[in-house]
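Peer 1: sequence and computational prediction follow.
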Amino acid sequence: MMQPLTVLFFGSQGAGKGTQVKRLVEFLQAKSEHTIIHIDMGLLLRELVSAGSYSGKLTAEVIEPGHRMSDFMPIYLQTKKLVENFTGEEHIIADGLARGEDQTRAFDDAMKFYKRENYHIISIHLSEESSIKRLLLRGRNDDTESGIRNRLAWMKTDVLPQLEFLKKRGRVAHEIDGEPDVETIHKNILSVLGLAG
């Protein structure tokens, strides 16, 4: 019987992180009796925007030009999702979190609180040139070249230090090359999570 997994994904913009998260979720749905709590911060923020509230309007002003959201909002959204849905039995797949120090500490503290501190970190790497090329092809409305460059800049300044912070706290980070095809990356992820074979 598969133990419930907790996986926090990091990845350069355009590294195929969303695709790999989806593949892992589908794999777990097929192979495990545990349900999945998927915390997709980008999706949660976009849902907040489309709800049309005052908070949503202000969120749009931050994320549409490609700026990083203040830590308090992702902390609130991830905490709400866990408090309302987590029973201790589910897999937790987290994507788009730990983008700033307070968010990272909040996620790590939550995992300690929920007795899931031995979680896996998957960090998918892709060169800046490949990132820009892939994102422009994707054609999402926040994927203008300046928006992409903004996000790539704060990935370096704000996000990569979070990986170091988590390693210092004793968390295990698996580095995955984002250049190969989708299937190869998926197999490499299953392998480091001990799910291959």
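Peer 2: Ah, there it is.
Peer 1: so what sits opposite the residue nearest the centre of the chain in the bridge?
Peer 2: For the chain, the residue sitting closest to the mean C-alpha position, by Cα atoms, centre = their mean, is residue 95 at 1.7 Å. Judged by DSSP bridges, the bridge partners of residue 95 are residue 9, residue 40.
Peer 1: now for it: which residues touch it?
Peer 2: 9, 17, 18, 21, 38, 39, 40, 41, 42 (Cβ atoms under 8 Å, 6 or more residues apart in numbering). Where C-beta positions appear, they are placed from N, C-alpha and C, glycine not excepted.
Peer 1: so how far is residue 24 from it?
Peer 2: Distance, residue 95 to residue 24, by Cβ to Cβ, to the nearest Å: 10 Å.
Peer 1: count of residues packed around residue 93?
Peer 2: Here the count is done by other Cβ atoms under 10 Å, and residue 93 has 21 residues near it.
Peer 1: isn't it right up against residue 35?
Peer 2: No: using Cβ atoms under 8 Å, residue 93 is not in contact with residue 35, being 11.2 Å away.
Peer 1: may I ask which helix or strand of this structure has the lowest mean pLDDT?
Peer 2: One helix or strand of the chain scores below all others by mean pLDDT, DSSP states H and E: helix 145-154, with a mean of 83.
Peer 1: pull out the buried positions in that one.
Peer 2: Going by neighbour count (16 or more other Cβ atoms under 10 Å), the buried part of helix 145-154 is 147, 148, 150, 151, 152, 154.
Peer 1: what of stretch 176-186?
Peer 2: In stretch 176-186, counting by 16+ other Cβ under 10 Å, buried: 176, 178, 185, 186.
Peer 1: for the residues you listed, which one is nearest residue 70?
Peer 2: Taking Cβ to Cβ as the measure, residue 70 sits nearest to residue 178 out of the buried residues of stretch 176-186, at 27.7 Å.
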